[in-house]
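Chemist: One predicted model, sequence on top.
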2 protein chains.
Amino acid sequence: MAQPDRSQDGVPRRQFLKHSVAVLGAGGLAAASARGAGAFEPPETPPWMKVPGAGMSEYGQPSKYEVGVKRTGIASRPGTTGSGVSRTPLEALDGMITPSGLHFERHHGGVPDIDPAKHRLLIHGMVRRPLVFTVEALMRYPRISRINFLECSGNSGVLYNPTPPSLTAGQTHGLVSCSEWTGVPLRMLLEEAGVEPAAQWILAEGADAAAMSRSIPMAKAMDDALLALFQNGERLRPENGYPVRLFLPGYEGNMSVKWLRRLKVAATATMTKDETSRYTDLQADGKALMFTYPMEVKSLITRPSPGRTLSGAGLYEVAGIAWSGNGAIAKVEVSTDGGKTWAVAPLVPPVLPRAITCFRMPWKWSGSPAVVKSRATDSTGAVQPERDKFIGEHGHNAVFHYSAIQAWSVEANGEVKHVYA
Amino acid sequence: MAQPDRSQDGVPRRQFLKHSVAVLGAGGLAAASARGAGAFEPPETPPWMKVPGAGMSEYGQPSKYEVGVKRTGIASRPGTTGSGVSRTPLEALDGMITPSGLHFERHHGGVPDIDPAKHRLLIHGMVRRPLVFTVEALMRYPRISRINFLECSGNSGVLYNPTPPSLTAGQTHGLVSCSEWTGVPLRMLLEEAGVEPAAQWILAEGADAAAMSRSIPMAKAMDDALLALFQNGERLRPENGYPVRLFLPGYEGNMSVKWLRRLKVAATATMTKDETSRYTDLQADGKALMFTYPMEVKSLITRPSPGRTLSGAGLYEVAGIAWSGNGAIAKVEVSTDGGKTWAVAPLVPPVLPRAITCFRMPWKWSGSPAVVKSRATDSTGAVQPERDKFIGEHGHNAVFHYSAIQAWSVEANGEVKHVYA
């Protein structure tokens, strides 16, 4: 055919066919794995077909065989129960959506137990008409929905370390998740309150024990800021800000203030503890950057990755995720030779701005040691940098906004390790 | 401005502004609901800010205040525990994605407790090379992801009744849900097995106690059929076919055979019990249709809907969902006068083929009785029919493939009722 037959999935069909032929050429994955089962007769009727199964349930849960798939790296500051993080196990997941039960957590004073009937949201400061909203009132407003990633600015911070940590993909990069967020455009409520012309900032405060607070630029508030009420179709989970959170697409996660109780319109930034003592980016030259909002273009191979051992030479899929706080993913390139050569990996549609985008590419592994890397480019033309270049600019003392290319080495025995390469 | 400033959310910004002005004009929703809270001072510091919150968790759950949001209408056939349905509470949700815990269920022999290490998938019959796959082998294949709805062909079957049932939107229409499905293209495995040229059908059999079985046309199998392994990012839930299910985008739900254990390639349809005694569509003339695959274009207003009482005249959002097994949603029209006049409702992007598409439109309710309806058109040009026309063609004895326009009446007291209108 003259034109590649590109399916709705964005994968050229010819590539799939070629891929399939490669599978056949390799002797087949299926036959190789038909251990103990006759290849030409139906396997024996399994025991679970001989008894009635379980009934319907009001709210479903994962299979008991998947209990190992859980948030990892749960850590709290000494003496606290809820000031810390939990991470999304990226290496065990596949797709654009993160199930809400596995969305990463970052709390500064734990998850408050908020009665939605008693929760209030105040808009005050430089407005013509201060307003107080009940949750019931917020639920009556018009809503929008967007699929957006959320990334903690401290995600991958451990990779500023001079030596590569022995951690999984989720443990290094699992402070990023992606959900469908539905709620009320903040702009609509600000217009109802009537923002004074000189107001350039909004202080956003959470109803947690830390009163987590950040200054939000008015331009962002009036652009795509959301008061999120729903996450992946249902009401927000407690650890994601129930009953209402601010959501700022593409911006560092802590600015999307959870358990939102107060928006104070102001002329200047408030310089809260959370934007002075924390969430500033110490650079190699000793200076610190403040108000670094968008999370940079970034990508990661999740398959293969540490803990996902390859079972011998043959055909595999190299797959992973990419995202950018500045727009859509335009391109992901994959290298299996440590960055000497790169191939463009097909992206999985829909490719949405400020959302996780999956990439997937077939890879015939020879069985020799290899180093795999991915390099993302976003719609602004920004390209994910190699680690050497990134560390040269930012140094080893930073914690936030790490976005360099991630390398995994595949050993001859199929084991996958974290390397700086 | 000359061009409407359409945001990435597909809602014309001018409409939002106009909308917001309408809110102001109506005296504001916020002030009206600031019951007991001072409008110009921050509400008192709530008790949950005065104590440390809960810590991180390995797998999150909904808020305890949302326990009422659950699958509804759980019903099993007499003498069985798992032959029946549970329904998605559509009226309590918002967005394109259905959380997996609330995805509807339809089982014929309950949910089998399948050990993935012992599960096998057989491909046999008219193939050059019969194959047996372990789950581990399937997990190694290249994958694709798609956001697709799944609808039981019996969804809304109660609406064939001559009188309108007093049920919620979820209870009438909740056998439809939408997820991101990720897995292996079936075509790839069929090509590996080598399908004989005369083979036109595939028998798909589940590993449940009912050995649920359907005949799948080869054309669909070779087009967009998926062996789904992941749902909304994580491995399939048990009630949705763990460890592997067939997924046929747009086709009636029961054909997407769960707990898939066998695919037998054949020259003709097998005429299984599930496609002769069941899942055939009895028509008004006494004849029955077999092999009616795609679910027709359909839509539903979820807000307002029964159980969601309006609190007096004023501005509301009319919102709902639309879907078609034959393509993408092209248009949704909304009427608030029982179908005399219609307005085109903005669709929430991304508008994807064979996925739930949300529509949302502002509505200023006068406080007088009203009847709201939605009418969807899909990318093939098919238009959702009025109930009278639909019942005229299909009669009252059918159960499956009900897809007529749904009407809700809004009473003067704000109560919402199911009507045939």
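Modeler: Looks like it came in fine. Predicted model only: the values in this text are computed from it and were never measured.
Chemist: CA atoms for contacts and neighbours, from now on please.
Modeler: Will do.
Chemist: for the residue of the stretch 151-300 of chain A found nearest chain B, phi and psi?
Modeler: Nearest residue of the stretch 151-300 of chain A to chain B (Cα to the nearest Cα) works out as A:Ala209 at 4.1 Å. A:Ala209 adopts backbone torsions of phi -60, psi -20, taken as degrees, to the nearest 10.
Chemist: So it sits against A:His107, correct?
Modeler: No: using Cα atoms under 8 Å as the test, A:Ala209 is too far from A:His107 to be in contact (9.8 Å).
Chemist: returning to that earlier point: and the residue of the stretch 151-300 of chain A closest to chain B, what does it touch?
Modeler: For A:Ala209, the contact set (Cα atoms under 8 Å, 6 or more residues apart in numbering or on different chains) comprises A:108-110, A:112, B:48-53.
Chemist: So for it, what's the nearest residue that isn't a sequence neighbour?
Modeler: Closest residue to A:Ala209 apart from its sequence neighbours, by Cα to Cα, 6 or more residues apart in numbering or on different chains: B:Met49 at 4.1 Å.
Chemist: Give me the distance between the one you found and A:Met212.
Modeler: 10 Å (Cα to Cα, to the nearest Å).
Chemist: and what of A:Ala199?
Modeler: Taken as Cα to Cα, the span from A:Ala199 to A:Met212 is 21 Å.
Chemist: Those two: who's more crowded?
Modeler: Using other Cα atoms under 10 Å in any protein chain shown, the more surrounded residue of A:Ala199 and A:Met212 is A:Met212, with 23 against 16.
Chemist: Show the contacting residues for that one.
Modeler: A:108, A:205-206, A:257, A:274 are the contacts of A:Met212 under Cα under 8 Å, 6+ apart.
Chemist: what bits of chain A have low per-residue confidence?
Modeler: Along chain A, the model assigns pLDDT under 70 to residues A:1-42.
Chemist: do that again at 90, thanks
Modeler: Applying pLDDT under 90 to chain A flags the ranges A:1-44, A:73-82, A:276-290, A:396-398.
Chemist: Bridge partners for A:Asp337, pull those for me.
Modeler: A:Val371 (DSSP bridges).
Chemist: residue contacts, it?
Modeler: A:370-372.
Chemist: Show me the helices in chain A, by range?
Modeler: A:13-25, A:29-32, A:135-138, A:169-173, A:186-193, A:218-223, A:273-276, A:387-394 (DSSP state H).
Chemist: Report the backbone C-alpha coordinates of the fourth one in PDB.
Modeler: C-alpha atoms of helix A:169-173 as PDB (Å, rounded to 0.1, in the frame of the first residue of the first chain):
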ATOM      1  CA  ALA A 169      11.200   3.500  38.400                       C
ATOM      2  CA  GLY A 170       8.400   4.200  40.800                       C
ATOM      3  CA  GLN A 171      10.800   4.900  43.700                       C
ATOM      4  CA  THR A 172      12.800   7.400  41.600                       C
ATOM      5  CA  HIS A 173      10.000   8.900  39.500                       C
END
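Chemist: Can you list the buried residues in it?
Modeler: For helix A:169-173, the buried set under the neighbour-count rule, 16 or more other Cα atoms under 10 Å in any protein chain shown, comprises A:169-173.
Chemist: Check stretch A:325-340 too.
Modeler: Quick answer for stretch A:325-340 (16+ other Cα under 10 Å): A:325-336, A:338-339.
Chemist: could you dump the contacts of A:Ala209 to a markdown table with distance to B:Tyr420 and neighbour count?
Modeler: A markdown table is the format used below for these (distance: Cα to Cα, whole Å; neighbours: other Cα atoms under 10 Å in any protein chain shown):
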| residue | distance to B:Tyr420 | neighbour count |
| --- | --- | --- |
| A:His108 | 53 | 22 |
| A:Gly109 | 52 | 24 |
| A:Gly110 | 50 | 26 |
| A:Pro112 | 45 | 28 |
| B:Trp48 | 47 | 16 |
| B:Met49 | 49 | 20 |
| B:Lys50 | 52 | 14 |
| B:Val51 | 52 | 14 |
| B:Pro52 | 53 | 20 |
| B:Gly53 | 49 | 24 |
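Chemist: Identify the residue spatially nearest to the residue of the stretch 301-421 of chain A found nearest chain B, adjacent ones excluded.
Modeler: Ranked by Cα to the nearest Cα, the top residue of the stretch 301-421 of chain A for proximity to chain B is A:Glu317, at 5.5 Å. Leaving out its chain neighbours, the residue that sits closest to A:Glu317 by Cα to Cα, 6+ apart is A:Pro362, at 4.4 Å.
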